[in-house]
Structure formats: structure tokens, C-alpha cells
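[1] how would this look folded up:
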Amino acid sequence: MSDIAARVQDYLDRTRHTFPPGCDRYFARIALEVALRAYHGGNFGIGAVAVVRSGRRADLFYGENAMAQPGAVIEHAETQAVLKVAAGDAPDHTITPPEPSPAAVTVYGTVEPCPMCACVLTNAGVQRSVSTCLDGELERDGDFLTSGGGANVLGDKYPTQPRVWRDIQRARGLRFELLAPDEPELWELSWKILAETRDEIDELLATRPGIGQRRAAGRD
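    As a prediction, this is how the structure comes out:
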């Protein structure tokens, strides 16, 4: 087991009963657990959990990144979790929070959602997106402002999204939030398990044949 995987597993073991069920840190810890599964599968170390609340019940749907798998196109963590909900799949886990809640969906991710996942959350009518880690700061690129990372929904990057997405997000009440910075080890490990995999898999995706090339090769 790699050093980062061992550190994440140790943290998960130590904090199994640390956070009250139903709180943001409880779900962020589960997202890290799912990210570890993605990491062990040779993918980006990113995990997500979609939480569907209704009264005293919360159904959890896990989504792990699988972009390094052959033929992967949309296999991002948040998207995978939301698609399970949309398909009517059985939840991966169900808990009974201490306090009742109105019907709502929140998606927790180890890292800020990319533009594709932000669009999925928008179209799905998710109410909250809670990210453990920010992915990139706002930067100037010539005459334009852009994200220095892979995402653009948190903080002062939010206006760099297409206006139509922002209009829909406001109309549907979707809020993008950063997890409160009161659990530094959770933040550190959520970021490092992604950073450990990022360069290698970015290169794989940049050099992998496109679907048209693969289809043509299959006819030869």
C-alpha cells in the first residue's frame, strides 16, 4: 500500500465514530473513503456521496472517479453519484439523522466539482454541493479571468461559469460551499490522494485515443 493510501486508511480507521451522523464532516469522511476506493482502482483519488434526505431518513449514493478505465467518458465522482439517484438505484447506505430534514439532495465531494459535474448538479436539481477542497484560485489569463485548477464554482471563481448555468442554479437554489476548515487532516488527505494521481492520469487522458479512433481501429 502506498504512503498516501496507508495514511488515508489510518485516518478512516481512527475517525470511524468521530463525526455525528448527518453532519457535513460525517459525509465528507465517507467521500474520502470512496476516494480511496477510486485510488486503489487506478483512477483519480476523488470520491463523492449524494445524500437524499427526507424526514428522518437519509439515503447515501456513492460515486468514485473511474476516468482511467477503458472507454471512460463521464465517470467523474459527483456525476456517478447523481446518476445512481436519477436511475432509481438502491442506496449504498441509509442512516437515520438525529434531526428530521425536508426533502433535499446534497452532494459531498473530496474536491470542488469540475464544470461537467457542476452542470450535472445543476440539471439534476441538487440543492447543495459541499466540497472538502478548493481546486484552483481565480487567475488572469490575458484579458480573461479563469480558474488556475480544474474547477470554477467556489468563491470568486463562481462568475466564470456560463451565465445560463448561474441563472438556473439561482432559480433552483443550488449552493456551492466549501467544507468548514475545522478538520485539517480530512482536508489534507482529501487533497493529497488526488494530487498523488493527478499528473499521471492527466497524461493518460491527454494521450488516449478518442472514441472515433477506437471505433475505426475496431473495424480494421
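[2] Can I get the longest helix anywhere in the chain in CSV? Just the C-alpha atoms.
    The longest helix of the chain (DSSP state H) is helix 184-207. These are the backbone C-alpha positions of helix 184-207, laid out as CSV (Å, rounded to 0.1, in the frame of the first residue of the first chain):
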residue,chain,number,x,y,z
PRO,A,184,-7.3,19.9,8.7
GLU,A,185,-6.4,16.2,8.4
LEU,A,186,-9.5,15.5,6.4
TRP,A,187,-8.7,18.4,4.1
GLU,A,188,-5.1,17.4,3.7
LEU,A,189,-5.8,13.8,2.9
SER,A,190,-8.7,14.6,0.5
TRP,A,191,-6.3,16.8,-1.5
LYS,A,192,-3.2,14.6,-1.4
ILE,A,193,-5.0,11.5,-2.6
LEU,A,194,-6.0,13.4,-5.7
ALA,A,195,-2.6,15.1,-6.1
GLU,A,196,-0.9,11.7,-5.9
THR,A,197,-2.8,10.6,-9.1
ARG,A,198,-3.3,13.8,-11.0
ASP,A,199,-0.3,14.2,-13.3
GLU,A,200,-0.1,10.5,-14.3
ILE,A,201,-3.8,10.2,-15.2
ASP,A,202,-4.0,13.7,-16.8
GLU,A,203,-1.2,12.4,-19.2
LEU,A,204,-3.1,9.2,-19.8
LEU,A,205,-6.3,11.1,-20.7
ALA,A,206,-4.4,13.5,-22.9
THR,A,207,-2.8,10.7,-25.0
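[3] can you offset everything so residue one is 119?
    That works, and once the first residue is 119, the last one we named lands at helix 302-325.
[4] Quick one: list the elements packing against that helix.
    Contacting helix 302-325 under the criterion 3 or more C-beta pairs under 8 Å, 6 or more residues apart in numbering; DSSP states H and E are the following elements: helix 121-132, helix 142-158, strand 219-229, strand 246-251. For the C-beta atoms, the positions are set from N, CA and C on the backbone; glycine is no exception.
[5] Geometric centre of the chain: which residue is closest?
    Against the mean C-alpha coordinate of the chain, by C-alpha atoms, centre = their mean, the closest residue is residue 227 at 3.4 Å.
[6] if I look at that one, how far off is residue 280?
    Going from residue 227 to residue 280 by C-beta to C-beta, to the nearest Å gives 20 Å.
[7] where does the protein dip in pLDDT?
    With pLDDT under 70 as the threshold, the chain has low-confidence stretches at 119, 332-338.
[8] Please repeat the previous calculation with a cut-off of 80.
    119, 261-263, 330-338 (pLDDT under 80).
[9] Go through the one helix or strand residue 288 maps to and flag the buried ones.
    Under the assignment given by DSSP states H and E, the secondary-structure element containing residue 288 is helix 281-290. Within helix 281-290, the residues that qualify as buried are 283-284, 287, counting by 16 or more other C-beta atoms under 10 Å.
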